[in-house]
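J.: what follows is a predicted protein model with its sequence.
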Amino acid sequence: MAKIKYYYDTETCRYERVRTSTFDMFINITGLLFACSLFGFFFSAIYIKYFPSAEEARLKKENTDLLYSHKLLQKEVTEVTDVLASLQDRDDRIYRVIFEAEPIPQEIRQAGTGGSQKYQDLLDKKLAREDMILSTLSKIDNLKRQMYVQTKSYDEIVDLALNKSKMMAAIPAIQPVDNKDLKRLASGYGMRIHPILKVKKMHTGIDFSAPKGTPIYATGDGKVIKARKSNRGYGWEIEIDHGFGYVSKYAHQSKFYVKKGQRVTRGQKIGEVGSTGSSTAPHLHYEVIHKRKKVNPIKYFSKNITADQYSTLLENASVENQSLGY
């Protein structure tokens, strides 16, 4: 039962009953409801924050697990990238060096796989963490590209390994004339005095002094790609393509025993020493060309001389004298 309230009326000097108007009752009820609603919202927020529903708790845990899994994935991608980089380094510095293959250019190894348009389907979904997802996908695509390039490199190395015996037989590795006494090396590779012009010019081969008719031998297996007779320059010359980027040249000959297109083996007699072309005396001018660049032939005399003989050969070849022909 509601408590009746009174107030003292000074005019009548009597206690009068307090009567509440309908408006006052409305204000009081409204204020009470507002206060209850405010406290209810406040306590509900606290409850939701600290006492989430089972579904919300499950989703929150799932999100936490996904973020943790993504961090692990990023770590795995980094480790795989490091391993691949090590394989690429070994490939360029060891395997391809052993088989004399050119290193793979970095612009090929690091070739891109396309921009963000490749992932347009994901972009259209407007995912909350699309930057994180796209970054990981891009790294994985780059890894796949580099791994593909690396597998093709290994395929090439395997082919080179299988052809190793053929390569060893093909690479020029003996002296083109019988010169075991090492007394017939007239001029080496490098700057030498031209026999006719009497000025220093680059001598791109080695001159072996020998009597006319001395046998000349192929220094490695290969195919004759030139057997030309001329009274100028190299004179009568033969070129043999050994494959694997190697070509050998034999100049100033007096006789041929092979013809263009013929296959020859190391040690096979291909001609005789002469003095044709720009020559001042009977000799063989011998060159080795590797990947279209003329190199010092003395580096390829390894099959038929000892270490001491090779040292003597190097010493004789280093003397800056006059060449017998160009």
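T.: Alright, I've got the coordinates.

J.: isn't F301 up against I171?
T.: No - taking contacts as CB atoms under 8 Å, F301 lies outside contact range of I171: 11.6 Å. Every C-beta, even on glycine, is put in place using the N, C-alpha and C of the backbone.

J.: please, where are all the strands along the stretch 1-150 of the chain?
T.: Along the stretch 1-150 of the chain, counting by DSSP state E, counting those that start in this stretch, strands occupy 6-9, 14-17.

J.: what packs against the lengthiest helix in the chain?
T.: In the chain, assigned by DSSP state H, the helix with the most residues is helix 54-90. Here helix 54-90 touches helix 130-162, going by 3 or more CB pairs under 8 Å, 6 or more residues apart in numbering; DSSP states H and E.

J.: could you pull up the contacting residues of K249?
T.: The contact partners of K249, by CB atoms under 8 Å, 6 or more residues apart in numbering, come to G205, Y234, E237, I238, E239, H285, Y286, E287, V288, I289.

J.: so for the protein, the centremost residue is which one?
T.: With distances taken as CA atoms, centre = their mean, I104 lies nearest the centre of the chain, 3.9 Å away.

J.: for that residue, what are phi and psi?
T.: Main-chain dihedrals, I104, degrees, to the nearest 10: phi -80, psi 130.

J.: how near is the nearest residue to V288 once chain neighbours are set aside to V80?
T.: Nearest in space to V288, with sequence neighbours left out and distances taken as CB to CB, 6 or more residues apart in numbering, is P297 at 4.3 Å. Look at P297 and V80: by CB to CB, to the nearest Å, they are 46 Å apart.

J.: quick one, which of these two is more surrounded?
T.: Each of P297 and V80 has its neighbours counted (other CB atoms under 10 Å); P297 has more, 23 against 15.

J.: contact partners for that one?
T.: Counting by CB under 8 Å, 6+ apart, P297 touches P172, Y189, G205, I206, S248, Y286, E287, V288.

J.: any idea how many residues pack against the closest residue to F99 other than its chain neighbours?
T.: Closest residue in space to F99, ignoring its immediate chain neighbours: L160 at 4.0 Å, by CB to CB, 6+ apart. Residues near L160, counting by other CB under 10 Å, number 18.

J.: can you verify my assumption that L160 contacts M167?
T.: Yes - using CB under 8 Å, L160 is in contact with M167, at 7.3 Å.

J.: joint contacts of those two?
T.: Shared contacts of L160 and M167, counting by CB under 8 Å, 6+ apart, come down to F99.

J.: quick one: S275 and H252 touch, right?
T.: Yes - contact status for S275 versus H252: in contact at 6.0 Å, counting by CB under 8 Å.

J.: who's more crowded, the two?
T.: Taking neighbours as other CB under 10 Å, S275 and H252 compare with H252 leading, 27 against 18.

J.: three-state assignment of that one?
T.: strand (DSSP: H, G, I helix; E, B strand; the rest coil).

J.: how near is S153 to L32?
T.: The spacing between S153 and L32, counted by CB to CB, is 82 Å.

J.: between those two, which one's more packed in?
T.: Neighbour count, other CB under 10 Å: between S153 and L32, S153 has more, with 21 against 10.

J.: who are the contact partners of that one?
T.: The contact partners of S153, by CB under 8 Å, 6+ apart, come to D91, R96, I104.

J.: show me where the stretch 201-326 of the chain dips below the pLDDT cut-off.
T.: For the stretch 201-326 of the chain, residues meeting the criterion pLDDT under 70 lie at 201-202, 302-326.

J.: swap in the stretch 51-200 of the chain?
T.: In the predicted model, the stretch 51-200 of the chain carries pLDDT under 70 at residues 51-53, 57, 111-131, 133, 179-200.

J.: what's the domain layout of this structure?
T.: 6-50, 71-162, 185-317 (automatic domain parsing).

J.: nearest to R58, out of those domains?
T.: domain 6-50 (15.0 Å; CB to CB).

J.: ok so, going back, closest to F26 out of the contacts of K249?
T.: For the contacts of K249, the closest approach to F26 (CB to CB) belongs to I289, at 109.6 Å.

J.: pretty sure G213 is touching V273, no?
T.: Yes - with contact defined as CB under 8 Å, G213 counts as touching V273 (6.6 Å).
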